[in-house]
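1. turn this into a structure:
(chains A and B)
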Amino acid sequence: MSDSQSSLFAANPWLTLQIDHAFAPFHLKVQLALHAPWTVLFGSSGSGKTTILRALSGLFTPDVGSLQLQGEMFFSRVASKPCAINLSPQARRIGLVTQTPALFPHYTAAENVAFALRGLPSAERNKKVQLLLQVFGAELLRDRFPHQLSGGQQQRIALARTLAAAPRLLLLDEPFSAMDRAARLEVLNNLRQWVQQRAVPVLMVTHDLAEAFTASEEVVVLENGRVVAQGQAEIVLHESRAQLLQELGVAPNAAHSPER
Amino acid sequence: MDIAALLLTLRLATVTMLVLVLLALPLAYWLAHTRWRGKIFIESFVALPIVLPPTVLGFYLLVMLGPQTALGRVVTHLLGHPLAFSFSGLVVGSVIYSFPFAVQPMVAGFAAIDPALLEAAAVLGSGQWDTLHRVALPLSRGSILAAAVLTFAHTVGEFGVVLMIGGNLPGVTRTLSIALYDQVQDFSYAQANRTAWLLLIVSFAALTLLYSQKRTRRLV
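-> Prediction:
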């Protein structure tokens, strides 16, 4: 991450979020302020990560909460009242890439990427689609239909389709899960460049420790519907890493682990 | 062969099919997506013609659209003639009688669309109409075609409603199925046989079209 980039984000949180929702017996209750341009939401399955992303994108309405992006409130609700503010998913302009890519099966890869670009003249639209396919190494896939693509290829197209809509915030829900390690790093690097150039903040969900370390400036650890830690990966994921290394039969190097 | 009856039958089936596809589409889309609990009453009401004897439906339509009711008088005034014993009356009866055959395949088609696709469209900024047009309709094309073919075939084969509402006026309300009935009454078995064959062929062709489309539908 470049220094000029961090200064864009450092002063005020770009996202403040408060969600309180009971899905008996599970209770999601989180409060967060995010400053880092790329934050990882880390936690095991069922810890509430995906629900947070769905609430942010407007696909899910919490019982109580408030969501504010770059100073603009787009959701606000107090207990047992109708929502005071609740922008539609369309109006929020928040990009969401889900784990299952949900590509439109009746459109080619290029048409999927162009989905949000309908208002543009066709020459401009084609140029954008071409560029985004290039960013994700998918130029050769442009005329294929989703069922002719592998899981990893579908995820590349889903990323390109979401970026085409020029989101103000990018939410990623394990978007590289079907890619091998090499592909994952390549896509992650290109994606990182793209969002840095456009100063689009990213909130990424993962339960993959390596991904949390490589991707993020900041990690939020979620356990059973609660935030249990927030900070640099080396610090908040220190224990998880030590545990993983032990399971792999590698002694964690105590000299390199930071003071807690 | 009764060409007038054949043409009338095909005209009735075509008009009924077009009206039904237009009416059933929004209703089916709504039924497939609403969480309103009262929708079971709407669903039951829509399905009624499947279980009711067509004569019951025909009888009520005849009464409701006749000069005894306000609705009937308004319709008569607007059209300049009573609905009963006219082609438009047949269309009204056929539309109601075949309503479930249009709505149910469409509801099934819309409900089978992965909700993740509709959510993806919403998050990409696509409004409800746009999503209907670019995602839901193309993905349920097969079901809409099924609805169209079924309503067409069902109308071709309808008898009770037509007889009750339309009577038996040659060239106006006398469809193939009624012509067949007349021919049998007159002991014209050779003629009846030709009419019956015609009905059989039209129905078989419609169903063949339906199944061939299902086979070639793109995997989604």
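
2. skip ahead from the helix or strand of chain A with the lowest mean pLDDT and say which helix or strand is next.
-> Least confident helix or strand, chain A: helix A:3-10 with a mean of 49, by mean pLDDT, DSSP states H and E. Remark: after helix A:3-10, the chain's next helix or strand is strand A:15-23, criterion DSSP states H and E.

3. what's the angle from whichever helix or strand comes after that next one to strand A:15-23?
-> Next in sequence after strand A:15-23, counting helices and strands by DSSP H and E, comes strand A:26-34. Relative orientation of strand A:26-34 versus strand A:15-23 (axes from the mean of the first three to the mean of the last three Cα atoms, to 10 degrees): 180 degrees.

4. direction included, what does strand A:26-34 pair against?
-> If you go by DSSP bridges, strand A:26-34 pairs up with strand A:15-23 (antiparallel).

5. now the helix or strand hosting B:Leu12, how far from the chain's geometric center?
-> Under the criterion of DSSP H and E, B:Leu12 resides in helix B:3-33. Here helix B:3-33 is found 4 Å from its chain centre; the criterion is Cα atoms, centre = their mean, to the nearest Å.

6. mind exporting the helix or strand encompassing A:Val187 as CSV, just the C-alpha atoms?
-> Taking DSSP H and E as the definition, A:Val187 sits inside helix A:181-197. C-alpha atoms of helix A:181-197 as CSV (Å, rounded to 0.1, in the frame of the first residue of the first chain):
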residue,chain,number,x,y,z
ARG,A,181,-2.7,-20.3,-4.8
ALA,A,182,-0.9,-18.8,-7.8
ALA,A,183,-4.1,-17.6,-9.4
ARG,A,184,-5.2,-16.2,-6.2
LEU,A,185,-2.1,-14.1,-5.7
GLU,A,186,-2.2,-12.8,-9.3
VAL,A,187,-5.8,-11.8,-9.1
LEU,A,188,-5.4,-10.3,-5.6
ASN,A,189,-2.5,-8.2,-6.9
ASN,A,190,-4.3,-6.9,-9.9
LEU,A,191,-7.4,-6.2,-7.8
ARG,A,192,-5.4,-4.4,-5.2
GLN,A,193,-3.9,-2.1,-7.9
TRP,A,194,-7.3,-1.4,-9.4
VAL,A,195,-8.9,-0.4,-6.1
GLN,A,196,-5.9,1.7,-5.0
GLN,A,197,-5.9,3.7,-8.1
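
7. next SSE after that helix?
-> Next helix or strand after helix A:181-197 toward the C-terminus (DSSP H and E): strand A:202-206.

8. which other helices and strands does that next one contact?
-> strand A:38-42, helix A:49-57, strand A:169-173, helix A:209-215 (3 or more Cβ pairs under 8 Å, 6 or more residues apart in numbering or on different chains; DSSP states H and E). Placement of C-beta: from N, CA and C, glycine included.

9. please identify the most buried of these.
-> Among the helices and strands packed on strand A:202-206, strand A:38-42 has the highest mean neighbour count (mean count of other Cβ atoms under 10 Å in any protein chain shown), at a mean of 26.

10. which residue, other than its chain neighbours, is closest to the residue of the stretch 151-260 of chain A found nearest chain B?
-> Nearest residue of the stretch 151-260 of chain A to chain B: A:Ala165, at 5.1 Å (Cβ to the nearest Cβ). Leaving aside its chain neighbours, A:Ala165 sits nearest to A:Ala116 (3.6 Å; criterion: Cβ to Cβ, 6 or more residues apart in numbering or on different chains).

11. what kind of secondary structure is the one you found in?
-> With DSSP: H, G, I helix; E, B strand; the rest coil as the basis, A:Ala116 sits in helix.

12. go ahead and confirm it touches A:Pro167.
-> No: using Cβ atoms under 8 Å as the test, A:Ala116 is too far from A:Pro167 to be in contact (9.2 Å).

13. low pLDDT regions in chain A?
-> By pLDDT under 70, the weakly predicted segments of chain A are A:1-11, A:251-260.

14. closest to the centroid, which residue in it?
-> Closest to where the C-alpha atoms of chain A average out (Cα atoms, centre = their mean) is A:Leu172, at 2.3 Å.

15. how close does that residue get to A:Val135?
-> 15 Å (Cβ to Cβ, to the nearest Å).

16. again with B:Ala111
-> For B:Ala111, the distance to A:Val135 - Cβ to Cβ - is 36 Å.

17. quick one, which of the two is more surrounded?
-> A:Val135 (18 against 15; other Cβ atoms under 10 Å in any protein chain shown).

18. any idea which helix or strand carries A:Val220?
-> Going by DSSP H and E, A:Val220 is in strand A:218-223.

19. got phi/psi on A:Gly65?
-> phi 160, psi 170 (degrees, to the nearest 10).

20. do the one 3 residues further on as well
-> With angles defined as degrees, to the nearest 10, A:Gln68 shows backbone torsions of phi -140, psi 120.

21. okay, it and chain B: tell me how far apart.
-> 19 Å (Cβ to the nearest Cβ, to the nearest Å).

22. what's the burial count for the residue nearest to A:Leu169 when sequence neighbours are not counted?
-> Counting by Cβ to Cβ, 6+ apart, A:Ile94 is the residue found nearest to A:Leu169 once chain neighbours are left out, at 4.8 Å. Using other Cβ under 10 Å, A:Ile94 is surrounded by 23 other residues.

23. find the nearest non-adjacent residue to residue 67, please.
-> Unless you meant another one, I'm taking chain A. Using Cβ to Cβ, 6+ apart, the closest residue to A:Leu67 is A:Phe75 (4.1 Å).

24. wait, I meant chain B there
-> With Cβ to Cβ, 6+ apart as the criterion, B:Pro67 has its nearest non-adjacent residue at 6.0 Å, and that residue is B:Arg73.
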